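> model this:
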Amino acid sequence: MTQGGISDKQPVGVIGAGAWGTALAQMLSGDGREVILWAYEPEVVAAINAEHRNPLYLPSATLAATIRATGDLADLAAIDTVLVVTPAQVLGRVLSGLPSAPRDLVLCSKGIEAGTGRLMNDVVRDASPGSAIAVLSGPTFAHEVAAGLPTAVTLACGGGRGQWERLAPALARPTFRPYYSDDVTGAEIGGAVKNVLAIACGVVDGLGLGQNARAALIARGFSEMLRFGEALGGRAETLAGLCGLGDLVLTCSSTSSRNFSLGKALGEGAKAADLMADRRTVAEGAFTAPVLAELAAARGIPMPIVAAVDAILKGEDARAVVAGLLARPLKAERDLRA
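Next up is the predicted model:
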């Protein structure tokens, strides 16, 4: 059976075997489909192929036998649909090793490239110019997706409805529901900004400032996300959906979020350098915060919460930074200069 020109059993590639990449591979294999999962670490490749487990990044999941791990990007050369789930800061370098451009590249990494300020779709466009680009983003904890718990995401297709008709049957599963958008910029910005705001919420938790403060921060942080997203061409309705507000609510309220747990530790007095050096998994918000703060300042976009996170990551005292936020001049809630 085919739909939109793609067999519903055509193999899918996943680049990146961290927790999220492994969870996506497990989800995609749910209908018996072959999934080729590229991993950087040889020990991860060996464990997945021999034991059907990824003990380094997703030890809770027993992986399907139809998932085949590889350390050679050439093994993905004949695959039309490839999901990219590498850390944002190495995405361009990894994609430069692809021997050919897949028909569809689905971005599942959330961040902004340090040094250039580029969104991930711009990085991919340069690294794989022959591919149609889509962005998959939303409120997703890897362990829940791997366990088959219900999940809904935004699938923003730069190629419009035609690309959606190709990708939707390849990616949708009974408990994994994508919703169509054509706003690639908005979908990317929602995922990148929420990571930084999740650090801020973790700081609030670590300082013991209470749930009132966390709720206020989520609401005011969402205003910052809207201001930045609309300034770069994203749409408000995209940012108010799964890939913006939905993802923000999830990652700002649980230590299952790497960014929230990083912020919590910062609020409790740990040093950012020590925390980052000790982590095998990546809290993308720590890399996004400085470049996001710089971009916002250069464009005159007020993002005081993002600037506060950047300051804390650079070593300023968390309690003093929060006090500074609270001491800002009083304004109307809808003041775009807030």
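
> which helix is the longest one in the chain?
When the chain is parsed with DSSP state H, its longest helix is helix 184-206.

> Helix or strand next in line after that one, which one?
For helix 184-206, the following helix or strand on the C-terminal side (DSSP states H and E) is helix 211-231.

> Show me where the stretch 51-200 of the chain has its helices.
91-95, 120-127, 142-146, 160-171, 184-206 (DSSP state H, counting those that start in this stretch).

> Residue 191 - how many residues pack around it?
30 (other C-beta atoms under 10 Å). Every C-beta, even on glycine, is put in place using the N, C-alpha and C of the backbone.

> Model confidence for it, exactly?
With respect to pLDDT, residue 191 scores 97.

> Quick check: it touching residue 243?
Yes. If you go by C-beta atoms under 8 Å, residue 191 and residue 243 touch, sitting 6.0 Å apart.

> Tell me which residues of the longest helix of the chain come out buried.
Neighbour counts over helix 184-206 (16 or more other C-beta atoms under 10 Å) mark 184-206 as buried.

> swap in stretch 92-108?
If you call a residue buried by 16+ other C-beta under 10 Å, then stretch 92-108 has these buried ones: 92, 94-95, 98, 101-108.

> returning to that earlier point: what is in contact with residue 191 and residue 243 at once?
Contact with both residue 191 and residue 243 is made by residues 135, 137, according to C-beta atoms under 8 Å, 6 or more residues apart in numbering.

> Could you point out the helix or strand that follows the helix or strand hosting residue 297?
Residue 297 is part of helix 284-299 when elements are defined by DSSP H and E. Sequence-wise, the next helix or strand downstream of helix 284-299 (DSSP H and E) is helix 304-313.

> counting contacts, what elements does the following helix or strand past that next one pack onto?
Sequence order places helix 318-326 as the next helix or strand after helix 304-313, per DSSP H and E. Using 3 or more C-beta pairs under 8 Å, 6 or more residues apart in numbering; DSSP states H and E as the contact test, the elements touching helix 318-326 are helix 184-206, helix 304-313.

> can I get those helices in CSV with distance to residue 162?
What follows is these, written out as CSV (distance: least, C-beta to C-beta, whole Å):
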stretch, distance to residue 162
helix 184-206, 15
helix 304-313, 36
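
> remind me which residues of this protein are low pLDDT?
Along the chain, the model assigns pLDDT under 70 to residues 1-8, 278-281, 336-338.

> Bridged to the spatially closest residue to residue 75 that is not a sequence neighbour, which residues?
Spatial nearest neighbour of residue 75, chain neighbours left out: residue 36 (5.7 Å); criterion: C-beta to C-beta, 6 or more residues apart in numbering. Counting by DSSP bridges, residue 36 forms beta bridges with residue 13, residue 68.

> Residue 36: what's it in contact with?
Residue 36 touches 11-14, 68, 70, 75-76, 79, counting by C-beta under 8 Å, 6+ apart.

> distance of it from residue 53?
17 Å (C-beta to C-beta, to the nearest Å).

> contacting residues around the nearest residue to residue 267 once chain neighbours are set aside?
Once flanking residues are discounted, residue 267 sits nearest to residue 206: 2.1 Å by C-beta to C-beta, 6+ apart. Residues near residue 206 by C-beta under 8 Å, 6+ apart: 263-269, 318.

> Please type out the PyMOL selection for whichever of those residues turn out to be buried.
What follows is the PyMOL syntax selecting those of those that are buried according to 16+ other C-beta under 10 Å:
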select buried, resi 263+264+265+266+267+318
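
> quick one: which two of the contacts of residue 206 are the most distant?
Spanning the widest gap among the contacts of residue 206 are 263 and 269, at 12.3 Å by C-beta to C-beta.

> Run through the strands of the stretch 1-150 of the chain in chain order.
Under the criterion DSSP state E, counting those that start in this stretch, strands of the stretch 1-150 of the chain are mapped to 2-3, 6-7, 12-15, 35-38, 67-70, 81-84, 104-107, 132-137.
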